[in-house]
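>>> Okay, here's the prediction I keep looking at, along with the sequence it came from:
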Protein chains: 4
Amino acid sequence: MTVRIGIIGPGGMGRAHVDRIVNELAGGEVVAVFDVDAANAARVAEPLGATVYGTSAELIASADVDAVMITSGGPFHEADLLKAIAAGKPVFCEKPLTPTADAAVRVMAAEQEAGRKLVTVGFMRRFDRSYNEMKEILDGRELGEAILVHNRHRNPTVPESYTADMAINDTAIHEIDTMRWLLGEEITRVRVDKPKKTKNRFPHLQDPLVLVMQSDSGVLIDDEVFVNIAYAYDIQCELVLETGTVSLADQNAITRRDSTGARNRMTMNHNDRFHLAFNAELQQWINAVAKGEHAGSSSWDGYAAAVVCDAGVQALESDESVWVDVQLMPRPALYA
Amino acid sequence: MTVRIGIIGPGGMGRAHVDRIVNELAGGEVVAVFDVDAANAARVAEPLGATVYGTSAELIASADVDAVMITSGGPFHEADLLKAIAAGKPVFCEKPLTPTADAAVRVMAAEQEAGRKLVTVGFMRRFDRSYNEMKEILDGRELGEAILVHNRHRNPTVPESYTADMAINDTAIHEIDTMRWLLGEEITRVRVDKPKKTKNRFPHLQDPLVLVMQSDSGVLIDDEVFVNIAYAYDIQCELVLETGTVSLADQNAITRRDSTGARNRMTMNHNDRFHLAFNAELQQWINAVAKGEHAGSSSWDGYAAAVVCDAGVQALESDESVWVDVQLMPRPALYA
Amino acid sequence: MTVRIGIIGPGGMGRAHVDRIVNELAGGEVVAVFDVDAANAARVAEPLGATVYGTSAELIASADVDAVMITSGGPFHEADLLKAIAAGKPVFCEKPLTPTADAAVRVMAAEQEAGRKLVTVGFMRRFDRSYNEMKEILDGRELGEAILVHNRHRNPTVPESYTADMAINDTAIHEIDTMRWLLGEEITRVRVDKPKKTKNRFPHLQDPLVLVMQSDSGVLIDDEVFVNIAYAYDIQCELVLETGTVSLADQNAITRRDSTGARNRMTMNHNDRFHLAFNAELQQWINAVAKGEHAGSSSWDGYAAAVVCDAGVQALESDESVWVDVQLMPRPALYA
Amino acid sequence: MTVRIGIIGPGGMGRAHVDRIVNELAGGEVVAVFDVDAANAARVAEPLGATVYGTSAELIASADVDAVMITSGGPFHEADLLKAIAAGKPVFCEKPLTPTADAAVRVMAAEQEAGRKLVTVGFMRRFDRSYNEMKEILDGRELGEAILVHNRHRNPTVPESYTADMAINDTAIHEIDTMRWLLGEEITRVRVDKPKKTKNRFPHLQDPLVLVMQSDSGVLIDDEVFVNIAYAYDIQCELVLETGTVSLADQNAITRRDSTGARNRMTMNHNDRFHLAFNAELQQWINAVAKGEHAGSSSWDGYAAAVVCDAGVQALESDESVWVDVQLMPRPALYA
């Protein structure tokens, strides 16, 4: 069975997902497109022979659509998620699930009413080969328990419109989800440290900042977020266990020895670094949909990330680097 | 358009290709199966809902089959290749194209009569990310011209039935094709050096051996073939240019620091190391078939590899490590 | 001129220094020994043909002694430092200079009265090749200014008598000095974070802990101190600049590929890791003494480290991870 | 006891050795200098307060000289070696021991008559940390027996006066000695392969060339000698054993991540790469002289290297890459 997918809001990420489905992944087909920008919808639909819908509601309701992919802006997610859930259709939603924790609670309520998990949130790092090998060693208890995790999230540059809260809501959110998944624990408190600012870019921006988190069992997690570091898109993670450590490697294809030294290429953006993780994530979703199963991050994961982000922003806005507690609602049985 | 594929001789490699097409690749479908072992054919066909054919000829002739995949034993390739070419159907043939250069010449003759390239040979290393980054640097002339290439082809172990000529025909054949493709040159002469034998395995086997080759322009290529080295499936290649070098990296996902030191995992077999290259190779073939184009290694590549292997075996069987010339027929225009 | 050295308190470190002077370094000679344990003094002196003195005062006063090396316990340092300064003799003192900041102030007062720097403190990391290459890149402003520094100080194990304040006073003191030297800035505030404790060793010990510091210009420095991590003596440092980073490498001699993977040896103790730095430190001191010059860390460096340690211990003992300010006296002109 | 050293022919290497003895090594003193260029002798002697001698014979005969260091041109070695042996004085002689095997035989005859080994040849790689860790693993039989060794000897550049035979006599001689020492076996035959020449430098020079050697037990050794490769002084060695491999690592001090990638510095000349090996070599010699012992490479090692070089040059000058046998005299008991 080929899964017939309708996409809502195909911007850069959405179009990249369409390309994957068409050219690299098995079992899916993009048959329906909606975009508030009708011209964009037409451009995406035309080469696919897909149908352009006038509203997202019509797309979701269409009998030709088996599953929905939401890649529109965050504020538009909730309404379409609720419609898809009401229609009983599986939906893949790019992160963030919703911009607020409250909206995420409503999405979970709808799923609980529907009695099944229908929403998969696009946290693609869970599909990266490096993080998975790290998790295997942790889960196999080969080197004891997790004690600390050191993360680095570095971007070459961001536009002037980027603000410090985006460093948490849009950037560190990846580590927030990945740490929850890696450790199998919730984050309980959050703090933000503010190092010297780079003079390299915008005076208005606290860049870098360091998000410090602690988990249920006391694992201390730091995350250096440095979004104008110029040299690369450099995602690092070192898991410190009781009798050893595991770090992400650069997955280098070649080593070059030339007049600059012995060197390896670095990645310059998220698609360069996580292309295969995106593929694996969507392939898993398509395969699960075809079997009537749920796979990947759930609405609970989207909700928990939102609550941690809120605490992070609150910490960021405090004068001193104080701990802010993370207050999660009890975990509904559906997401146990 | 979904490409409907018929597979002939689905052994271990063939079944792995079927899995790829079903679970990981876009645009293909396995609809037909033939195997001399009818029970195996049925086992492969059943979960796919594919049709089992009583002869390879019937499978090739079927109107339901757009393209043919041959993964049977080498001696069976020629007959089915000729039938597929006669039927005008694209065919993906696992290496070796044919066990002898003469048979390869006949395949090329058939293609020339058909007036188009229909055969793609399964030299998957051309699709490996590492070799491709290496080739980009060479082709971009960033570090001058190629001068030497040092290869290592190491397997953890082989069965007792493995003989020294297989070290060339089945093992080094990968480097033979890859070097031709990487350099864009033909191999002109071949020599085999015989180091001390490992006492670790079979007394009858000259293991390791070193295949030395020279290309048109004089590039010296060595290839250490060591098939019982125990520790890993370790494929290495260092391209030495005029002002720098490029080496395959291990593509590590993680680095682990524990009581054995700082270490990276190594691959233990060809699928572990080249899984993504196999995927890219077949995806390219499926996409090309869908567009009515040819892609990947041609029959000429299969022929040239066979001739170099023949010279290598002749060198292996000589008492001393003398150069044996490689005598290629003129390259037909179809393969220019 | 050969520098005639008298050593006070030759324990493990002191005897290692004697061995260096005799077997590996140019220009020095150990001619005098004092130890509260007279038998130990005799054991050290005998193979050297050195004189054993009955008190440290006699050793310092002796006309046969050009320079003094103090490797006794910290509480004994002050008295001998003051005597050496009064005698106008250069003195190499192992860290800590003194156990309290007050004592260090008295040592500086004596030097100022003497009108010259006579004391060199044994902070050997300033002589490590890796830290020096890092500092060169920082000082050359090749990658902009320092923004963050991430340190790891990991020991395989410590004895049960080790207490959490020693993690700061004896262990992190190395990073405290190295960061001051590397950045050319003072530390202004300190905080201690407490991750989950390893169950691998002693219930009484907060191990690991994370010391967080901030410098004059705002550079944020973290130092994970984990002294029972079992796998190695692993000293790491990543300097994050505005447009790149520099990290200590493992200075590996070989790479081994075997059944555990591709791996490098790690060091298991400080002498294994810093042997050459110790040599360079003492050689520089001997050469400076021969020329009547001062070299290496001064009493100010010993004092500043002590003050930062005091603040660190205060932070450690606080309930929450709050910032404790570092209050340095104004820097005397002698140490400008 | 301080060893009083007289140096003969202090060119670049000799002056570097003098600097070591004065500034970095224990137990030696340069008290005497002879050079055919009297002005150079005076320049070297003056800052040391050393005596300049009018002939090497007078220097060797002087009662003030305990040991002799010969760093003059190769053709001058034999005469001074014989005089030092006759005088019963230990002598450190830079490689080559003598330019011809015949001369080396005469040196060995003199030593045998003297009844003891007095000559140490300057093969410094035996003191390199990386080669020593490699040898430990081989000697400990941790990974089985040696089967192959792959060497690379790359220089950034050489002057136009450099000829292909120097690639063997001056350059590959280091690998020739190191392989004999590493394996504990003699070389039995030699061959030279000639790859495409780099167009980067001199048309007259066969650069690179590959020296292939085989040892007593059949270990196959290759040595790529590429002396105009521009990018670095890059010495590599991979020892292939029965169940694993060991390679020289780059001994990196730091890793840098910047806009060119993740990179490590490379060394640009032999002193940069082997500074510590030179130090260890001379320190061992000084310590041995002080104790009346012999240490390091003997005249037999100098002789054997010369014979292998002769065979290599003969192979280089042959039209085809044929094996040339190495004919060593029986090993005298003194060098057993």
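Good, I have the coordinates. Residues are numbered from 1 along each chain as shown, chains lettered A, B, ... in the order given.
>>> got the residues of chain A near chain C?
Counting by Cβ under 8 Å from any Cβ of the partner chain, the residues of chain A close to chain C are A:144-148, A:150, A:193-200, A:208, A:210, A:212, A:214, A:217-220, A:222, A:224, A:226, A:229-231, A:240, A:242-245, A:320-321, A:323. (Glycine included, C-beta is placed from N, CA and C.)
>>> next structured bit after the helix or strand that contains A:Gln283?
Element membership for A:Gln283 (DSSP states H and E) is helix A:270-291. Counting by DSSP H and E, the next helix or strand C-terminal to helix A:270-291 is helix A:299-317.
>>> What residues sit buried inside that following helix?
By neighbour count on 16 or more other Cβ atoms under 10 Å in any protein chain shown, the buried set for helix A:299-317 is A:299-316.
>>> go on, stretch A:142-157?
In stretch A:142-157, counting by 16+ other Cβ under 10 Å, buried: A:143-156.
>>> Widest-spaced pair of those?
Maximum pairwise distance among the buried residues of stretch A:142-157 (Cβ to Cβ): 36.3 Å, between A:Gly144 and A:Pro156.
>>> Quick one: residues in contact with the helix holding A:Gln283.
Residues from elsewhere that reach helix A:270-291 (Cβ atoms under 8 Å, 6 or more residues apart in numbering or on different chains): A:1, A:3, A:5, A:16-17, A:20-21, A:24-28, A:66-67, A:90, A:92, A:120, A:122, A:124-129, A:233, A:235, A:267, A:294-296, B:23-24, B:276.
>>> Tell me how many other residues surround the closest residue in space to A:Ala38 that isn't next to it in sequence.
In space, and not counting its chain neighbours, A:Ala38 is closest to A:Val52: 7.2 Å by Cβ to Cβ, 6 or more residues apart in numbering or on different chains. The number of residues packed around A:Val52, counting by other Cβ atoms under 10 Å in any protein chain shown, is 17.
>>> Wait, A:Val52 touches A:Asn40, no?
No: using Cβ atoms under 8 Å, A:Val52 is not in contact with A:Asn40; the gap is 9.9 Å.
>>> Could you list the alpha-carbon positions for the helix holding A:Gln283 in PDB?
Extracted C-alpha coordinates of helix A:270-291, given in PDB (Å, rounded to 0.1, in the frame of the first residue of the first chain):
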ATOM      1  CA  HIS A 270      21.100  21.100   9.400                       C
ATOM      2  CA  ASN A 271      20.200  19.300   6.200                       C
ATOM      3  CA  ASP A 272      23.900  18.700   5.400                       C
ATOM      4  CA  ARG A 273      24.300  17.200   8.900                       C
ATOM      5  CA  PHE A 274      21.000  15.400   9.400                       C
ATOM      6  CA  HIS A 275      19.900  14.500   5.900                       C
ATOM      7  CA  LEU A 276      19.900  10.800   6.700                       C
ATOM      8  CA  ALA A 277      18.100  11.300  10.000                       C
ATOM      9  CA  PHE A 278      15.300  13.200   8.200                       C
ATOM     10  CA  ASN A 279      15.100  10.400   5.700                       C
ATOM     11  CA  ALA A 280      14.900   7.700   8.500                       C
ATOM     12  CA  GLU A 281      12.300   9.700  10.400                       C
ATOM     13  CA  LEU A 282      10.000  10.100   7.500                       C
ATOM     14  CA  GLN A 283      10.500   6.600   6.300                       C
ATOM     15  CA  GLN A 284       9.600   5.300   9.700                       C
ATOM     16  CA  TRP A 285       6.500   7.400   9.700                       C
ATOM     17  CA  ILE A 286       5.300   6.300   6.300                       C
ATOM     18  CA  ASN A 287       5.900   2.600   7.200                       C
ATOM     19  CA  ALA A 288       4.000   3.100  10.500                       C
ATOM     20  CA  VAL A 289       1.100   4.800   8.700                       C
ATOM     21  CA  ALA A 290       0.900   2.000   6.200                       C
ATOM     22  CA  LYS A 291       0.500  -0.500   9.100                       C
END
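>>> Only the buried residues of that helix, if you could.
A:270, A:273-275, A:277-290.
>>> quick one: contacts for the closest residue in space to A:Ala146 that isn't next to it in sequence?
Distances taken as Cβ to Cβ, 6+ apart place A:Val219 nearest to A:Ala146, at 5.1 Å, with adjacent residues excluded. By Cβ under 8 Å, 6+ apart, the contact set of A:Val219 is A:Ala146, A:Ile147, A:Leu148, A:Val149, A:Leu183, A:Glu185, C:Pro195, C:Lys196.
>>> can you tell me which residues contact the first one?
With contact set as Cβ under 8 Å, 6+ apart, A:Ala146 has these partners: A:Leu138, A:Leu182, A:Leu183, A:Ser217, A:Val219, A:Leu239, A:Val240, A:Leu241, C:Lys196.
>>> what do you get if the cut-off is 6 Å, keeping everything else the same?
A:Leu138, A:Leu183, A:Val219, A:Leu241 (Cβ atoms under 6 Å, 6 or more residues apart in numbering or on different chains).
>>> How much space separates it from B:Ala84?
Look at A:Ala146 and B:Ala84: by Cβ to Cβ, to the nearest Å, they are 55 Å apart.
>>> In contact with the residue sitting furthest away from the middle of chain A, which residues?
For chain A, the largest distance from the centre (Cα atoms, centre = their mean) belongs to A:Ser259, which lies 38.6 Å off. By Cβ under 6 Å, 6+ apart, the contact list for A:Ser259 reads D:Tyr231.
>>> quick one: the strands in the stretch 1-150 of chain A?
Assigned strands in the stretch 1-150 of chain A, in chain order: A:3-8, A:28-34, A:51-52, A:67-70, A:91-94, A:119-122, A:146-154 (criterion: DSSP state E, counting those that start in this stretch).
>>> Can you list the strands that the shortest one pairs with?
Strand A:51-52 sits in its sheet next to strand A:28-34 (parallel), going by DSSP bridges.
>>> Was I right to think A:Asn200 contacts C:Glu242?
Yes: A contact is recorded between A:Asn200 and C:Glu242 when judged using Cβ atoms under 6 Å, the distance being 4.6 Å.
>>> Can you pick out the residue with more neighbours from the two?
C:Glu242 (22 against 16).
>>> Need the nearest residue in space to the more buried one, chain neighbours excluded.
In space, C:Glu242 is closest to C:Gly144, 2.8 Å off (Cβ to Cβ, 6+ apart).
>>> Could you export the buried residues of stretch A:142-157 as JSON lines, including pLDDT and distance to C:Asp80?
Shown next, in JSON lines, are the buried residues of stretch A:142-157 (pLDDT from 0 to 100; distance: Cβ to Cβ, whole Å):
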{"residue": "A:Leu143", "pLDDT": "97", "distance to C:Asp80": "45"}
{"residue": "A:Gly144", "pLDDT": "97", "distance to C:Asp80": "44"}
{"residue": "A:Glu145", "pLDDT": "97", "distance to C:Asp80": "46"}
{"residue": "A:Ala146", "pLDDT": "98", "distance to C:Asp80": "47"}
{"residue": "A:Ile147", "pLDDT": "98", "distance to C:Asp80": "41"}
{"residue": "A:Leu148", "pLDDT": "98", "distance to C:Asp80": "40"}
{"residue": "A:Val149", "pLDDT": "98", "distance to C:Asp80": "46"}
{"residue": "A:His150", "pLDDT": "98", "distance to C:Asp80": "42"}
{"residue": "A:Asn151", "pLDDT": "98", "distance to C:Asp80": "47"}
{"residue": "A:Arg152", "pLDDT": "98", "distance to C:Asp80": "46"}
{"residue": "A:His153", "pLDDT": "98", "distance to C:Asp80": "51"}
{"residue": "A:Arg154", "pLDDT": "98", "distance to C:Asp80": "49"}
{"residue": "A:Asn155", "pLDDT": "98", "distance to C:Asp80": "54"}
{"residue": "A:Pro156", "pLDDT": "97", "distance to C:Asp80": "55"}
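>>> how close does A:Phe34 sit to A:Phe76?
In this view, A:Phe34 and A:Phe76 are 11 Å apart by Cβ to Cβ.
>>> do the same with A:Ala41
Distance from A:Ala41 to A:Phe76, by Cβ to Cβ: 14 Å.
>>> Ok, A:Glu113 next?
Counting by Cβ to Cβ, the gap from A:Glu113 to A:Phe76 is 22 Å.
>>> That'll do, ta.
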